[in-house]
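[1] 3D, please:
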Amino acid sequence: MKIRTARRISQLFFVVLLVWFCTVSTLGDRFWQLRGWPVNWLLELDPLAGIATLLATRTLYDGLLWGLATVALTIVLGRVFCGWVCPFGAMHQFVGWLGRRRLRSKLQVEANRYRPAQRIKYYVLAAFLASAALAPLGAGTLLTGLLDPLPLVQRSVGLVLLPLAERCGALALSP
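    Numbering: from 1, shown residues only. Model (predicted):
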């Protein structure tokens with residue numbers, strides 16, 4: 001099996017896992033809903049959630065220690081989390097592929113070049129982390145969940161996609 005095929009299988013697995021966690025966390029009376037599923041596990045893998053929570057509350061919750069595993073894997077293997085595990089990374093890569101599949105190779109390389117405007121994301125990250133650090137003093141708040149990819153995707157699936165699928169008749173989640 002090629003590495004690309006293995007990565008795509010891994011990405012598909014984690015996207016399905018995210019949708020499953022969002023599905024089982026709906027309130028209901030069926031046996032598969034809210035019955036001990038680790039629905040926050042993917043969020044706990046997110047090191048940004050752990051760092052921001054630590055800064056805002058001055059407490060590191062046990063579940064957020066999974067973020068250290070993510071950091072350790074990233075140090076050893078590079079961006080393995082974004083490329084193999086993160087459902088947002090998989091969705092982002094798929095949508096990017098849809099938009100660029102008809103471009104010639106030279107144009108695809110040019111579309112992926114670094115641009116100076118990409119530095120803005122680091123300023124936003126610094127502002128969000130500074131706000132989290134100031135939260136215990138009453139001068140800031142925990143904002144990282146607004147733009148952190150994993151919570152954003154989990155909220156989008158849970159608040160938009162699943163209710164839309166249920167309304168269209170594709171799912172029957174509500175009692």
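[2] what segments of this structure are helices?
    3-24, 41-44, 47-57, 66-77, 80, 87-100, 105-111, 120-134, 144-147, 149-156, 162-167 (DSSP state H).
[3] and the longest one, what does it pack onto?
    Helix 3-24 makes packing contacts with helix 41-44, helix 87-100, helix 149-156, helix 162-167 when contacts are defined by 3 or more CB pairs under 8 Å, 6 or more residues apart in numbering; DSSP states H and E. (Each C-beta comes from the backbone N, C-alpha and C, glycine too.)
[4] just to revisit the earlier point, out of the helices of the chain, which comes closest to Arg35?
    helix 3-24 (7.4 Å; CB to CB).
[5] now the closest one - C-alpha only, PDB.
    The C-alpha trace of helix 3-24 is given here as PDB (Å, rounded to 0.1, in the frame of the first residue of the first chain):
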ATOM      1  CA  ILE A   3       1.700   6.000   1.800                       C
ATOM      2  CA  ARG A   4      -0.800   8.300   0.100                       C
ATOM      3  CA  THR A   5      -3.400   5.600   0.200                       C
ATOM      4  CA  ALA A   6      -2.700   4.900   3.900                       C
ATOM      5  CA  ARG A   7      -3.000   8.600   4.700                       C
ATOM      6  CA  ARG A   8      -6.300   8.900   2.800                       C
ATOM      7  CA  ILE A   9      -7.700   5.900   4.700                       C
ATOM      8  CA  SER A  10      -6.600   7.500   8.000                       C
ATOM      9  CA  GLN A  11      -8.100  10.800   7.100                       C
ATOM     10  CA  LEU A  12     -11.400   9.200   6.100                       C
ATOM     11  CA  PHE A  13     -11.400   7.200   9.300                       C
ATOM     12  CA  PHE A  14     -11.000  10.300  11.500                       C
ATOM     13  CA  VAL A  15     -13.600  12.300   9.500                       C
ATOM     14  CA  VAL A  16     -16.100   9.500  10.000                       C
ATOM     15  CA  LEU A  17     -15.100   9.300  13.700                       C
ATOM     16  CA  LEU A  18     -15.800  13.000  14.100                       C
ATOM     17  CA  VAL A  19     -19.200  12.700  12.500                       C
ATOM     18  CA  TRP A  20     -19.900   9.600  14.700                       C
ATOM     19  CA  PHE A  21     -18.900  11.500  17.800                       C
ATOM     20  CA  CYS A  22     -21.100  14.400  16.900                       C
ATOM     21  CA  THR A  23     -24.000  12.000  16.100                       C
ATOM     22  CA  VAL A  24     -23.700  10.000  19.400                       C
END
